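>>> only geometry, no sequence info:
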């Protein structure tokens with residue numbers, strides 16, 4: 001009977017391996033398999049970003065797209081890297097998109113480990129707010145930004 005709380009604790013922590021628990025409580029913060037969400041803005045739409053996001057837009061252009069550096073912005077604002085949890089990164093990106101004109105072309109590049117072969121990574125892309133919200137709906141816990 002005394003083992004039940006300890007067993008539940010360990011089961012919850014290990015559930016992060018299957019995408020149920022967040023990376024923080026399940027000790028995956030320094031894991032080699034965290035998800036990464038990157039916001040890219042079409043080069044000719046870069047001027048549409050609000051002034052407070054302009055400094056974080058990379059000068060690097062890849063196939064007509066520029067990344068917005070969540071890492072640099074997080075270090076400047078909090079002196080720490082962004083939370084390595086995909087639902088957190090999705091909410092931050094959604095909050096940024098809410099400050100931009102709806103006509104701004106963007107793409108979100110999601111890099112994540114394969115569900116069963118975690119040593120292999122796969123990339124997916126999101127191009128619309130509707131697709132972003134569909135991605136957020138797949139999370140077990142809420143992933144929407146609150147203003």
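Perfect, I can see it now. Quick caveat, the model's predicted, so the values are computed rather than measured. Numbering: from 1, shown residues only.

>>> Do you have the helices of this structure handy? List them.
Along the chain, the stretches classed as helices by DSSP state H are 3-14, 70-78, 86-98, 129-137.

>>> For the second one, buried residues please.
Yep, that's helix 70-78 we're talking about. Of the residues in helix 70-78, 70, 73-74 count as buried by neighbour count, 16 or more other C-beta atoms under 10 Å. From N, CA and C alone the C-beta is placed, and that goes for glycine too.

>>> circling back to that earlier point, using JSON lines, lay out the helices of the chain together with distance to residue 37 and mean pLDDT.
Formatted as JSON lines, the entries for those read as follows, by distance: least, C-beta to C-beta, whole Å; pLDDT from 0 to 100:
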{"stretch": "helix 3-14", "distance to residue 37": "23", "mean pLDDT": "82"}
{"stretch": "helix 70-78", "distance to residue 37": "8", "mean pLDDT": "86"}
{"stretch": "helix 86-98", "distance to residue 37": "4", "mean pLDDT": "88"}
{"stretch": "helix 129-137", "distance to residue 37": "9", "mean pLDDT": "89"}
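
>>> Can you tell me which of those helices is most buried?
Among the helices of the chain, ranked by average contacts under mean count of other C-beta atoms under 10 Å, first place goes to helix 86-98 (a mean of 19).

>>> Setting aside sequence neighbours, what's the nearest residue to the spatially most central residue of the chain?
The geometric centre of the chain, computed from its C-alpha atoms, lies nearest to residue 89 (C-alpha atoms, centre = their mean), at 2.7 Å. Beyond its immediate neighbours in the sequence, the residue positioned closest to residue 89 (C-beta to C-beta, 6 or more residues apart in numbering) is residue 37, lying 3.9 Å away.

>>> hang on, that neighbour packs against residue 112?
No. Assessed by C-beta atoms under 8 Å, residue 37 is found out of contact with residue 112, at 9.0 Å.

>>> residues shared between the contacts of the two?
Shared contacts of residue 37 and residue 112, defined by C-beta atoms under 8 Å, 6 or more residues apart in numbering, are found at residue 86.

>>> of these two, who's got more company?
More crowded of residue 37 and residue 112, by other C-beta atoms under 10 Å: residue 37, with 23 against 17.

>>> Can you give me the separation between that one and residue 97?
Remark: distance between residue 37 and residue 97 (C-beta to C-beta, to the nearest Å) = 12 Å.
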